[in-house]
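>>> Provided below are the primary sequence and the corresponding predicted coordinates.
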Amino acid sequence: METQPRPFQLVVLGASGFTGQFVTEEVAREQVSPGRSSHLPWAVAGRCREKLQRVLERAALRLGRPTLPSEVGTIICDITNPASLDEMAKQAAVVLNCVGPYRFYGEPVVKACIENGTSCIDICGEPQFLELMYWKYHEKAAEKGVYIVGSSGFDSIPADLGVIYTRNKMNGTLTAVESFLTVHSGPEGMCIHDGTWKSAIYGFGDQSNLKKLRNESNLKPVPIVGPKLKRRWPISYCRELNSYSIPFMGADVSVVRRTQRYLHENLEESPVQYAAYVTVGGITSVIKLMFAGLFFLFFVKFGIGRQLLIKFPWLFSFGYFSKQGPTQKQIDASSFTMTFFGQGYSQGFGPDKNKPNIRICTQVKGPEAGYVATPIAMVQAALTLLSDASDLPKAGGVFTPGAAFSRTKLIDRLNQRGIEFSVISSSEV
């Protein structure tokens, strides 16, 4: 990966968007972190110079660094203008792409980055986009020696690296993992910006095309080691966490499965089965979520239904999503815990006719998921591309975070910045 002749090591594209402003602030924070040994030249990029300037001024105020706006480059470019994207990509070693929904705006950025020898990180939680980019651009990216790494925010670094961390900590062969996400909020509750809501609407509304893409890819199944992981009911009770849970509808399962395929096919590692759930507390929360889910799944099937969902996010999501996004108080009071329950076999004890004889429980804990943990994960992933080049996959390509970073120091970096990986318990049965 070419890093020397470029004026900027990192360029935050879409810096004036809702999530982009938090990513901008995180890069500025990283620029002066005590552990940083080298200079980090960076820039913000977007359509409107005034908006980019305002984002830098906001970051300067929040970080107490009045000179920040004059220290950061500004690049004007537009997703609809390929020449401007080429110009932006030529100036960067790594682009941090914050412009979503990615199904509409992501591909021109991937294309420009590959053509100009630039690596790219995104925070996409849309399986269809992520999988399509792999099929269309993996070989081209490999030829150019660049790394296109999707889903490098809360979707899906905690889940993907959490499974790898669990595997690394198990004294034997990990065969299956279930993860349970718990989101903690303060007295003012939680809220998510409607950009995420829109991505979900378009994703669920276009499920048939994702199925078609997977059928056409004609991949041979990844072998199942040990007993097949049973799916839980749509609403199930998790005794260990004393809470009801529902299947997690984000990108985590798609991303983890792609990582496990890569590790099995390229590094000959034993594949891990995976299922993801989110805890929803008591029975009243279950009923509320059931109604919201049924409304959503009904309306998302029709064009007019999708328009209504997009126009009134707060109403149809029962207050979980809004056009304004969360307040600073809501962000500060929020955090997440992802708990992993794994099973497998101790060394010398194989899966032939034997039941798994080791259980392990690990956790990934962090600050507010969407606008604190996501920028931390994204920025650390980008810095890992710059710093740990010898531990990345040999050739470039389009990768999941686990495929790109399984042998790097990314987990250590995240641990130092408040996204903490730990072992809760491990025992032989």
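Structure's in. What do you need? Numbering: from 1, shown residues only.
>>> Please report the distance of the spatially closest residue to V32 that is not a sequence neighbour from V109.
Nearest non-adjacent residue to V32, counting by C-beta to C-beta, 6 or more residues apart in numbering: R65, 7.5 Å away. Every C-beta, even on glycine, is put in place using the N, C-alpha and C of the backbone. As for R65, its distance to V109 is 28 Å (criterion: C-beta to C-beta, to the nearest Å).
>>> what about those two, which has more around it?
V109 (24 against 16; other C-beta atoms under 10 Å).
>>> show me what contacts the more buried one?
13, 79, 85, 95, 97, 99, 120, 122 (C-beta atoms under 8 Å, 6 or more residues apart in numbering).
>>> Mind checking which of those land in strands?
In strands, judged by DSSP state E, the following of these are found: 13, 95, 97, 120, 122.
>>> Locate the residue of the protein with the greatest distance from its centre.
For the chain, the residue at maximal distance from the C-alpha centroid (C-alpha atoms, centre = their mean) is K353, at 36.9 Å.
>>> Tell me how far it lies from Y345.
From K353 across to Y345, the span is 12 Å (C-beta to C-beta).
>>> Find me the pLDDT at K311, would you?
We note a pLDDT of 93 for K311 in this prediction.
>>> Check the one 5 residues further on too.
Per-residue confidence for F316 comes out at a pLDDT of 83.
>>> now the closest residue to it other than its chain neighbours: how far from S346?
Nearest residue to F316, sequence neighbours excluded (C-beta to C-beta, 6+ apart): L309, at 5.2 Å. According to C-beta to C-beta, L309 and S346 sit 49 Å apart.
>>> neighbour-wise, which of those two wins?
L309 (25 against 15).
>>> which residues touch the residue most central in space within the chain?
Central residue of the chain (C-alpha atoms, centre = their mean): D155, 2.7 Å from the mean position. D155 is in contact with 123-125, 250-252, 255, counting by C-beta under 8 Å, 6+ apart.
>>> now with 6 Å?
125, 250-251 (C-beta atoms under 6 Å, 6 or more residues apart in numbering).
>>> ok, of those, which come out buried?
125, 250-251 (16 or more other C-beta atoms under 10 Å).
>>> Quick check: which of those has the minimum pLDDT.
G250 (89).
>>> Name all residues that make contact with that residue.
G250 sits in contact with 125, 155, where contact means C-beta under 6 Å, 6+ apart.
>>> And for the residue nearest to the centre of the chain, nearest residue in space, chain neighbours not counted?
Leaving aside its chain neighbours, D155 sits nearest to G125 (3.3 Å; criterion: C-beta to C-beta, 6+ apart).
>>> can you check C48 too?
Nearest one to C48, counting by C-beta to C-beta, 6+ apart, is S16 at 6.6 Å.
>>> The one you found against K51, yeah?
Yes: at 3.8 Å, S16 and K51 qualify as touching, with contact defined as C-beta atoms under 6 Å.
>>> Those two: which has the busier surroundings?
S16 (23 against 16).
>>> Model confidence score at that one, please.
Confidence for S16, expressed as pLDDT, is 97.
>>> do the one 3 residues further on as well
Taken from the predicted model, the pLDDT recorded for T19 is 96.
>>> next one: phi and psi at it?
phi -80, psi -30 (degrees, to the nearest 10).
>>> and the gap between it and G125?
Distance from T19 to G125, by C-beta to C-beta: 11 Å.
>>> Can you list the residue ranges for strands in the stretch 251-400 of the chain?
273-281, 321-322, 335-346, 358-367, 397-399 (DSSP state E, counting those that start in this stretch).
>>> re earlier: tell me which of the buried ones among the contacts of D155 is nearest to M338?
Nearest to M338, judged by C-beta to C-beta, of these is G250 at 11.4 Å.
>>> ok, and what's touching stretch 313-326?
18, 191-194, 197, 288, 292, 295, 309.
>>> Just the CA trace of it, in PDB.
Taking C-alpha atoms only, stretch 313-326 is exported to PDB below (Å, rounded to 0.1, in the frame of the first residue of the first chain):
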ATOM      1  CA  PRO A 313     -39.000   7.500  11.900                       C
ATOM      2  CA  TRP A 314     -39.800   8.600  15.400                       C
ATOM      3  CA  LEU A 315     -43.500   7.400  15.200                       C
ATOM      4  CA  PHE A 316     -42.800   4.000  13.500                       C
ATOM      5  CA  SER A 317     -39.800   3.100  15.600                       C
ATOM      6  CA  PHE A 318     -41.600   3.900  18.900                       C
ATOM      7  CA  GLY A 319     -39.100   6.700  19.600                       C
ATOM      8  CA  TYR A 320     -35.900   4.800  19.000                       C
ATOM      9  CA  PHE A 321     -35.000   6.700  15.800                       C
ATOM     10  CA  SER A 322     -35.300  10.400  15.000                       C
ATOM     11  CA  LYS A 323     -34.200  12.900  12.300                       C
ATOM     12  CA  GLN A 324     -32.300  14.900  15.000                       C
ATOM     13  CA  GLY A 325     -30.300  11.900  16.400                       C
ATOM     14  CA  PRO A 326     -29.400  11.600  20.100                       C
END
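>>> Now that stretch: buried residues?
Under 16+ other C-beta under 10 Å, the buried positions of stretch 313-326 are 313, 316-317, 320-322, 325-326.
>>> now swap in stretch 98-114 and tell me
In stretch 98-114, counting by 16+ other C-beta under 10 Å, buried: 98-103, 105-114.
>>> which two of those lie the greatest distance from each other?
Taking C-beta to C-beta, no two of the buried residues of stretch 98-114 sit farther apart than P101 and I114, at 20.6 Å.
>>> Can you list the low-confidence ranges for this structure?
1-4, 37, 429 (pLDDT under 70).
>>> ok, back up a step: can you give me phi and psi for the residue nearest to the centre of the chain?
With angles defined as degrees, to the nearest 10, D155 sits at phi -90, psi 110.
>>> Please tell me how far it sits from F302.
D155 is 26 Å from F302, by C-beta to C-beta.
>>> Also T118?
On the measure of C-beta to C-beta, T118 and F302 end up 40 Å apart.
>>> Between those two, which is the more surrounded one?
Between T118 and F302, counting by other C-beta under 10 Å, T118 is the more crowded of the two (26 against 12).
>>> Name the nearest residue to the more buried one, sequence neighbours excluded.
A89 (4.4 Å).
>>> before we move on, back to that, so which of the buried residues of stretch 98-114 are in strands?
Residues of those located in strands (DSSP E): none.
>>> which ones among the residues you listed are found in helices?
Using DSSP state H, the members of the buried residues of stretch 98-114 that fall within helices are 102-103, 105, 107-114.
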